[in-house]
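[1] turn this into a model:
(one chain, ligands or ions: 2)
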Amino acid sequence: MMAALVGAELTRERTPYLPLTPHEIAESARLAVQSGAAIVHVHVRDDAGRPTNDADRFREVLDLIRQRCLPIPIIQVSTGGAMGDSFESRSQPLEAGPDMASLNSGSINFGDGVFENPIPFVEFLAQRMGRLKVIPEIEVYDLSHVETANGLIEKGEIPTPAHFQFVLGVKGGLAATEENLKLLASRIPEGASWTAAGVGRHQFPMAELALALGGNVRVGLEDNIYLEKGVLAKGNHELVQKAVELARRYGRQPATPEEARALLRL
Ligand code: KMH
Ligand code: ZN
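    Ligands and ions are numbered 1, 2, ... in the order given. Model (predicted):
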């Protein structure tokens, strides 16, 4: 179970429960881990609450998460950053000593903007992750992103077994439907693992589908701020708790960080 704690586009105007400072993010991670999250997907903010890719800020947040959380979760930093961030700045979080990092394997219309991930940049990030021994999670918003990643796996630029994240329901990306999730899961290489994240109202329907299909689940405020229609989640932990209850209904137990480390060969 993964918790996407903060994101880059979300603001306090949309939910007062968004963690912004390093202490708030670490505390949100602690509660999410206590509730059953094994991996946290991390973006950070500057003192004004704006998204930043500053390596020192990431280090500060990662240190606090490791100090506060018991057990210590797998920490995945974002190399997606915020819309329009430079490629150079998006690689900075890799310097902060994470276990994993997101690797967005293709460009996409993202809301009303364009999220740029040209193949040379994807390869540059994959190589840098290889040098720094950071395990990539391939972020997929469209079928073509799987095809690109499969090419990089074949070239040996992404280590195996590969891990994919299917983010469905982004405006401009693949819709959050059962057919699309099954199609994506059918196109990844043998032995690869996958997680699904539904955006907005699709968060729990996609989580349920992933559980039914044998995949893993990502929830969190980055993707969705509502626990149910009209009810804001009072933190990432409430979303994790709801996903864990769902998992138990499918006879599945959330992996501990240690179990998840073994599954992901970290
Ligand atoms: N902020 C989005 C444009 C990632 O973390 O790798 C991209 C994003 C993906 O959040
Ligand atoms: Zn993200």
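
[2] for the residue in the chain positioned nearest to ligand 1, what are its contacts?
    Here the residue of the chain nearest ligand 1 is residue 80; by Cβ to the nearest ligand atom that distance is 2.5 Å. All C-beta atoms are positioned from the backbone trio N, CA, C, and that covers glycine. Neighbouring residues of residue 80 by Cβ atoms under 8 Å, 6 or more residues apart in numbering: 8, 90, 102, 104, 115, 139.

[3] filter those down to the ones near ligand 1?
    8, 102, 104, 115, 139 (Cβ under 6 Å from any ligand atom).

[4] can you pick the most crowded of those residues?
    residue 104 (28 neighbours; other Cβ atoms under 10 Å).

[5] which residues does it contact?
    Residue 104 neighbours (Cβ under 8 Å, 6+ apart): 79, 80, 115, 117, 122, 139, 141, 145.

[6] quick one, strands of the stretch 1-150 of the chain?
    Applying DSSP state E, counting those that start in this stretch to the stretch 1-150 of the chain gives strands spanning 2-4, 39-42, 44-45, 51-52, 74-77, 100-104, 108-110, 113-115, 135-140.

[7] who's the residue nearest in space to the middle of the chain bridged to?
    Taking Cα atoms, centre = their mean, the centroid of the chain lies closest to residue 41, which sits 4.6 Å from it. Taking DSSP bridges as the rule, residue 41 bridges to residue 4, residue 76.

[8] isn't it up against residue 102?
    Yes - Residue 41 lies in contact with residue 102 (Cβ atoms under 8 Å); the separation is 6.9 Å.

[9] overlap in contacts of these two?
    76, 78.

[10] can you add mean pLDDT and distance to residue 199 and give the strands of the stretch 1-150 of the chain back as a markdown table?
    Below are those laid out as a markdown table (pLDDT from 0 to 100; distance: least, Cβ to Cβ, whole Å):
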| stretch | mean pLDDT | distance to residue 199 |
| --- | --- | --- |
| strand 2-4 | 99 | 10 |
| strand 39-42 | 99 | 14 |
| strand 44-45 | 98 | 20 |
| strand 51-52 | 98 | 17 |
| strand 74-77 | 99 | 18 |
| strand 100-104 | 99 | 15 |
| strand 108-110 | 98 | 10 |
| strand 113-115 | 98 | 13 |
| strand 135-140 | 98 | 12 |
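
[11] could these go into CSV alongside distance to residue 257?
    Putting the strands of the stretch 1-150 of the chain into CSV (distance: least, Cβ to Cβ, whole Å) gives the following:
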stretch, distance to residue 257
strand 2-4, 11
strand 39-42, 8
strand 44-45, 20
strand 51-52, 26
strand 74-77, 6
strand 100-104, 12
strand 108-110, 30
strand 113-115, 29
strand 135-140, 14
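
[12] which pLDDT value goes with the nearest residue to residue 193 once chain neighbours are set aside?
    Leaving aside its chain neighbours, residue 193 sits nearest to residue 163 (5.0 Å; criterion: Cβ to Cβ, 6 or more residues apart in numbering). The model reports residue 163 with a pLDDT of 98.

[13] and residue 265, by the same measure?
    At residue 265, the predicted lDDT confidence score is 88.

[14] and it, what is it in contact with?
    Residues in contact with residue 265 (Cβ under 8 Å, 6+ apart) are 135, 161.

[15] just say helix, strand or coil for it.
    Residue 265 falls in the coil class when you classify it by DSSP: H, G, I helix; E, B strand; the rest coil.

[16] need the residues of the protein near ligand 1, please.
    So the chain meets ligand 1 at 7-9, 78-80, 82-83, 102, 104, 110, 115, 139 (Cβ under 6 Å from any ligand atom).

[17] now render these as a markdown table, adding distance to residue 266.
    Listed next are the residues of the chain next to ligand 1 as a markdown table, based on distance: Cβ to Cβ, whole Å:
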| residue | distance to residue 266 |
| --- | --- |
| 7 | 23 |
| 8 | 25 |
| 9 | 28 |
| 78 | 18 |
| 79 | 17 |
| 80 | 20 |
| 82 | 27 |
| 83 | 29 |
| 102 | 15 |
| 104 | 20 |
| 110 | 29 |
| 115 | 27 |
| 139 | 18 |
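
[18] of these, which pair is most distant in space?
    9 and 79 (15.6 Å; Cβ to Cβ).
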